[in-house]
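Peer 1: how would this look folded up:
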Amino acid sequence: MNTTTRENPQLAPARTHSGTHPQQDPLKLAVIVASNRRGRFAPVIVRWFVRHAQQRDDLDVTLVDLADLDLPTALGSAAPEGLAAVSATLAQADAFVVVTPEYNHSYPAALKSLIDWHYAQWHAKPVAFVSYGGVSGGLRAVEHLRQVFAELHATTVRDTVSFHNAHGDFDGEGHHKDPAGCDAAAKALLDRLTWWGHALRNARSERPYAA
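Peer 2: The predicted structure follows:
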């Protein structure tokens, strides 16, 4: 797997391929890990999702883990040099998946900082969401994020994967205890994300996006 920062080996299973569109160049998919808190549950969710994404030949997966970034909260006119690598990764990406918990009815501050330090990197690209939390499954965070990404000229995918009371859903090896439903949800999310990814990449190549 490609990474933009120091890679946590536990987040990087071996890559395999069994996708559906070998005739097209793979989409560059950036999977953004939104939580940077100590003792986070994010690695379990991310490993599960990345396994699904890496089984496809139509995706080239890069992990952007906010726990590995020093994100300044005081914004300026240009991103600091320390964000150059992640800025390049976002610019090169054709599509994004945000893996986010829900904090106090919304999403983590580190994710807002990453979003706000960038602008054109999000334009005319699809964004999908994998969320987790308590009874809400992180869906309130996703609804807030849809508004934010709309302001940044990104297209959010309707289909989500949401884990309610997520800590009890996975076994000690990070496998979902009842995978049928969530596996189908992951496939639907990736199918629609790749459709939008190819459509928007083709459109951007034919005509620069007018922001």
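Peer 1: what about this structure, any weak spots by pLDDT?
Peer 2: Applying pLDDT under 70 to the chain flags residues 1-23.
Peer 1: helices or strands up against the longest helix seen in it?
Peer 2: Using DSSP state H to define each element, the chain has its longest helix at helix 179-206. The contact analysis (3 or more CB pairs under 8 Å, 6 or more residues apart in numbering; DSSP states H and E) places helix 179-206 against strand 27-33, helix 42-54, strand 95-101, strand 126-133, strand 155-164. Yep, even glycine has a C-beta here, placed from its N, CA and C like the rest.
Peer 1: Reformat those into TSV and put mean neighbour count and distance to residue 77 next to each item.
Peer 2: TSV is the format used below for these (neighbours: other CB atoms under 10 Å; distance: least, CB to CB, whole Å):
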stretch	mean neighbour count	distance to residue 77
strand 27-33	24	23
helix 42-54	21	31
strand 95-101	25	24
strand 126-133	25	25
strand 155-164	19	27
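Peer 1: Residue nearest the middle of the chain, spatially speaking?
Peer 2: The centre of the chain sits closest to residue 97, judged by CA atoms, centre = their mean, with a distance of 2.3 Å.
Peer 1: residues in contact with it?
Peer 2: 29, 30, 31, 32, 49, 53, 127, 128, 129, 130, 189, 193 (CB atoms under 8 Å, 6 or more residues apart in numbering).
Peer 1: Tabulate those (CSV), appending distance to residue 171.
Peer 2: Shown next, in CSV, are the contacts of residue 97 (distance: CB to CB, whole Å):
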residue, distance to residue 171
29, 26
30, 28
31, 22
32, 25
49, 16
53, 21
127, 30
128, 25
129, 24
130, 18
189, 22
193, 27
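Peer 1: nearest to residue 62, of these?
Peer 2: residue 30 (5.1 Å; CB to CB).
Peer 1: Correct me if wrong: that closest one contacts residue 66.
Peer 2: No - the criterion here is CB atoms under 8 Å, and residue 30 misses it with residue 66 at 12.0 Å.
Peer 1: Surely residue 40 and residue 46 touch.
Peer 2: No - at 9.8 Å, residue 40 does not count as touching residue 46 under the criterion of CB under 8 Å.
Peer 1: quick one on the thing from earlier: so which of the helices and strands packed on helix 179-206 is nearest residue 60?
Peer 2: Using CB to CB, the helices and strands packed on helix 179-206 put strand 27-33 closest to residue 60, at 5.2 Å.
Peer 1: Tell me which other helices or strands the closest one touches.
Peer 2: helix 42-54, strand 59-65, helix 84-92, strand 95-101, helix 179-206.
Peer 1: okay, those in a markdown table with distance to residue 25 next?
Peer 2: As requested, those are exported to a markdown table (distance: least, CB to CB, whole Å):
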| stretch | distance to residue 25 |
| --- | --- |
| helix 42-54 | 16 |
| strand 59-65 | 9 |
| helix 84-92 | 13 |
| strand 95-101 | 13 |
| helix 179-206 | 9 |
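Peer 1: All set, thanks.
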